[in-house]
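A.B. asks: please work out how this folds:
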Amino acid sequence: MATIFLRRRCETLVPVPDGGDEHIFPRTWREGDLLRCDVKKSRSIGLHRKAFVLLNVVYPHTNYPSIKALRTAMTIGAGYVEPHINPMTGETCLVPRSWAFDKMDETEMRALYNAMIGVALHMVAGSSRGDWETAVDEIARL
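C.D. replies: Reported below is the predicted structural model:
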């Protein structure tokens, strides 16, 4: 297993040397070998941080006992969940999915972040999307 970085050029993906190393492929990979790869767009840490800043900005306006409880509630409210069926009752419960940096691509994180702002609007009466985005951007810049 190896991680390589690729850059899109027209209709192809071109390997990008990591740190200028001329040998970006493991030496065990030979010309003509069949390789399988999973391609994901690299994540921006900035958006991940902004989601945590949003939690901290919303928290004082709620009655949640902790940031962790608010994170769970906002993740569920944003629809970023795994449904689980209770085998005893047959009821479906929603379990929040992980936000782990390496588990989400940029598109997923952006959708979650935008949905979380929608949840914040619902939770805090009289707030606006611009209010939340401005507050988060100001703190995230620090």
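A.B. asks: residue 35 and residue 110, how far apart?
C.D. replies: Distance of residue 35 to residue 110, computed by CB to CB, to the nearest Å: 29 Å. Every residue, glycine included, has its C-beta placed from N, CA and C.
A.B. asks: what about the two, which has more around it?
C.D. replies: Shown here are residue 35 and residue 110; by other CB atoms under 10 Å, residue 110 has more neighbours (14 against 8).
A.B. asks: give the contact list for the more buried one.
C.D. replies: Residues near residue 110 by CB atoms under 8 Å, 6 or more residues apart in numbering: residue 47.
A.B. asks: next one: phi and psi at the spatially most central residue of the chain?
C.D. replies: The centroid of the chain falls nearest to residue 109 when counting by CA atoms, centre = their mean (3.1 Å). With angles defined as degrees, to the nearest 10, residue 109 sits at phi -70, psi -40.
A.B. asks: same check, this time on residue 37
C.D. replies: phi -140, psi 150.
A.B. asks: what are the ranges of the helices in the protein?
C.D. replies: According to DSSP state H, the chain carries its helices in the segments 45-58, 67-77, 106-123, 129-141.
A.B. asks: and the last one, what's its mean pLDDT?
C.D. replies: Taken as a whole, helix 129-141 carries a mean pLDDT of 87.
A.B. asks: again with the shortest one
C.D. replies: Helix 67-77 shows a mean pLDDT of 97 in the predicted model.
A.B. asks: how close does residue 117 sit to residue 71?
C.D. replies: Here residue 117 is placed at a distance of 14 Å from residue 71 (CB to CB).
A.B. asks: looking at the two, which is more packed in?
C.D. replies: Legend: neighbour count by other CB under 10 Å for residue 117 and residue 71, higher for residue 117 (24 against 20).
A.B. asks: nearest residue to that one other than its sequence neighbours?
C.D. replies: Nearest non-adjacent residue to residue 117, counting by CB to CB, 6 or more residues apart in numbering: residue 132, 5.2 Å away.
A.B. asks: number of residues surrounding that neighbour?
C.D. replies: Quick note: residue 132 (other CB under 10 Å) scores 20 neighbours.
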